[in-house]
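Undergrad: Sequence first, then the predicted structure:
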Amino acid sequence: MASISCSTTTPLPFSKVDFHFPVQRATKFAPSIDTGKTHFQELSFSRFSRFRPNGCVVFSRLNDYSVEGSSGDSVKTSPELGVQSCTWKWRGYSIRYQCAGNDGPALVLVHGFGANSDHWRKNIPVLAKSHRVFSIDLIGYGYSDKPNPRDFGADPFYTFETWATQLNNFCVDVIKDEAFFICNSIGGVVGLQAAVMEPQICKGIMLLNISLRMLHIKKQPWYGKSFIRSFQNLLRNTVIGRFFYRRLATMESVKNILSQCYYDTSQVTEELVQKILRPGLEPGAVDVFLEFICYSGGPLPEELLPQVKCPVVIAWGDKDPWEPIELGRDYGKFDPVEDFIVLPNVGHCPQDEAPNLVNPLIESFVARHSSPKATV
């Protein structure tokens, strides 16, 4: 039986973000075009009467906030929704997750490498107005437990299969329902793997700048594979790796890294830097970091996409320096992918850099694939 505790309330300062900016939409049936301002059809959301979430919702009164959009427009907000921070016991480990909303389809927001559920702080309260929203810290990240990978012997622990199992078990134990997976970067591979392993759980996946996994061993030339393995061994098994991590785990370094992958660097705030850095200073974080950067096996997105049974939408910030959109476009050719959407002048983390683009896309995607409310 799942063990769940909710202890800390974290107010979220974004309850409404309006969609003001053009999105380029490309499908398998038409070239990419600029659609201008997009108007999404309002659809009713179904209430899942069979299940109730184990999380709870708290409300708080806060001052107004504004979010600067990529066009320079100021988006006024008047927040009322709060978020509950909870702990779920999974296989003996403590897993932190956040939740808000008590009605509508269930969404699980899955972060990328080195991030955590706080990376969705601009999305949760907006989506929670008509959805049950859950944002989870994958084991090893955020404020979830970080077991030492060396304790598992030769069998790797921090793999996409581990995280996918965690995600599916979370839906069964905590949400107690099917869910849509909304994923960024490496989290996209986690979502795809979870959907392949337990297809009855996932109702649909939105991939935001999914990782191309360019350092995967299959994507390296034959003459470079031995060098890569030697370098990985050097990082994992010598003091060099820990020295490298100490240089990275500083406010200045994290800010510089984020400024590389955010096209609009004004969104790289001190708050964001702290939310990314602080969990990385916890005991065990360095071992997880070194283990993952040395993980060059496991599945590739192009191997998982053909196996997925649910609808998939891909959205891609076209200014991503880490995952070039020119390479990502090929993922739009797979049958489960119903749309490939170009996000203009956005970097690697669209949900945080441009929530005013991403939130309406999520709402529209979920509405298209949700059952209508039953009439009495």
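TA: All right, it came through fine.

Undergrad: Any idea how far apart the tips of stretch 245-255 sit?
TA: End-to-end distance for stretch 245-255, by Cα to Cα, to the nearest Å: 15 Å.

Undergrad: Quick one: residues in contact with that stretch.
TA: Outside of stretch 245-255, the residues within contact range by Cβ atoms under 8 Å, 6 or more residues apart in numbering are 257, 268, 270, 273-274, 276-277, 280-281, 285-286, 289-290. C-betas here are computed from N, CA, C, even on glycine.

Undergrad: Drop the exposed ones from those and show what's left.
TA: Buried by 16 or more other Cβ atoms under 10 Å: V268, V273, I276, L277, G280, A285, V286, F289, L290, out of the contacts of stretch 245-255.

Undergrad: how near is the second one to R247?
TA: Same thing as V273. Note on V273: its distance to R247, by Cβ to Cβ, to the nearest Å, is 16 Å.

Undergrad: Same question for Q166.
TA: Distance from Q166 to R247, by Cβ to Cβ: 30 Å.

Undergrad: Figure out the helix or strand that F244 lives in.
TA: helix 239-248 (DSSP states H and E).

Undergrad: Can you list the buried residues in that helix?
TA: Neighbour-count burial for helix 239-248, counted by 16+ other Cβ under 10 Å, picks out G241, F244, Y245.

Undergrad: what angle separates the helix or strand just after that helix from helix 239-248?
TA: Sequence-wise, the next helix or strand beyond helix 239-248 is helix 251-261, with elements assigned using DSSP H and E. For helix 251-261 against helix 239-248, the angle by axes from the mean of the first three to the mean of the last three Cα atoms, to 10 degrees is 80 degrees.

Undergrad: can you pull out the strands in the stretch 201-350 of the chain?
TA: For the stretch 201-350 of the chain, the strands defined by DSSP state E, counting those that start in this stretch cover 202-208, 312-317, 337-343.

Undergrad: per-residue confidence averaged over the shortest one?
TA: Over the span of strand 312-317, the pLDDT mean works out to 97.

Undergrad: give the contact list for the closest residue to K319 other than its chain neighbours.
TA: Nearest non-adjacent residue to K319, counting by Cβ to Cβ, 6 or more residues apart in numbering: Y263, 3.8 Å away. By Cβ under 8 Å, 6+ apart, the residues touching Y263 are S70, G317, K319, N345, V346, G347, E353.

Undergrad: what's near enough to touch F170?
TA: Applying Cβ under 8 Å, 6+ apart, we find F170 in contact with W88, W90, I95, Y97, V108, F134, I136.

Undergrad: how about 7 Å then?
TA: W88, V108, I136 (Cβ atoms under 7 Å, 6 or more residues apart in numbering).

Undergrad: List buried members of those residues by neighbour count.
TA: W88, V108, I136.

Undergrad: Any chance of the backbone angles for the second one?
TA: This means V108. V108 adopts backbone torsions of phi -120, psi 120, taken as degrees, to the nearest 10.

Undergrad: Can you verify my assumption that it contacts F134?
TA: Yes: between V108 and F134 there is a contact under Cβ atoms under 7 Å: 5.0 Å.

Undergrad: Name the next helix or strand downstream of the host helix or strand of F134, please.
TA: Taking DSSP H and E as the definition, one finds F134 inside strand 132-136. Note on strand 132-136: by DSSP H and E, the next helix or strand toward the C-terminus is helix 160-170.

Undergrad: Measure how that next one sits relative to strand 202-208, angle-wise.
TA: Using the same axes, to 10 degrees: helix 160-170 against strand 202-208 is 130 degrees.

Undergrad: tell me the contacts of N123?
TA: N123 makes contact with L109, Q351, P355, V358, N359 under the criterion Cβ under 7 Å, 6+ apart.

Undergrad: biggest helix in this structure by residues?
TA: Criterion DSSP state H: the longest helix present in the chain is helix 222-237.

Undergrad: For it, which helices and strands make contact with it?
TA: With contacts taken as 3 or more Cβ pairs under 7 Å, 6 or more residues apart in numbering; DSSP states H and E, helix 222-237 sits against helix 239-248, helix 285-293.

Undergrad: Now with 6 Å, please.
TA: Of the remaining helices and strands, none touches helix 222-237 by 3 or more Cβ pairs under 6 Å, 6 or more residues apart in numbering; DSSP states H and E.

Undergrad: how about that helix: buried residues?
TA: Here helix 222-237 shows Q232, L235, R236 as buried, counting by 16+ other Cβ under 10 Å.

Undergrad: Which single one of those is nearest to K122?
TA: Using Cβ to Cβ, L235 is the member of the buried residues of helix 222-237 that sits closest to K122, with 33.2 Å.

Undergrad: Skip the chain neighbours and tell me the closest residue to the closest one.
TA: Closest residue to L235 apart from its sequence neighbours, by Cβ to Cβ, 6+ apart: G241 at 3.8 Å.

Undergrad: so how far is F157 from that neighbour?
TA: Going from G241 to F157 by Cβ to Cβ gives 17 Å.
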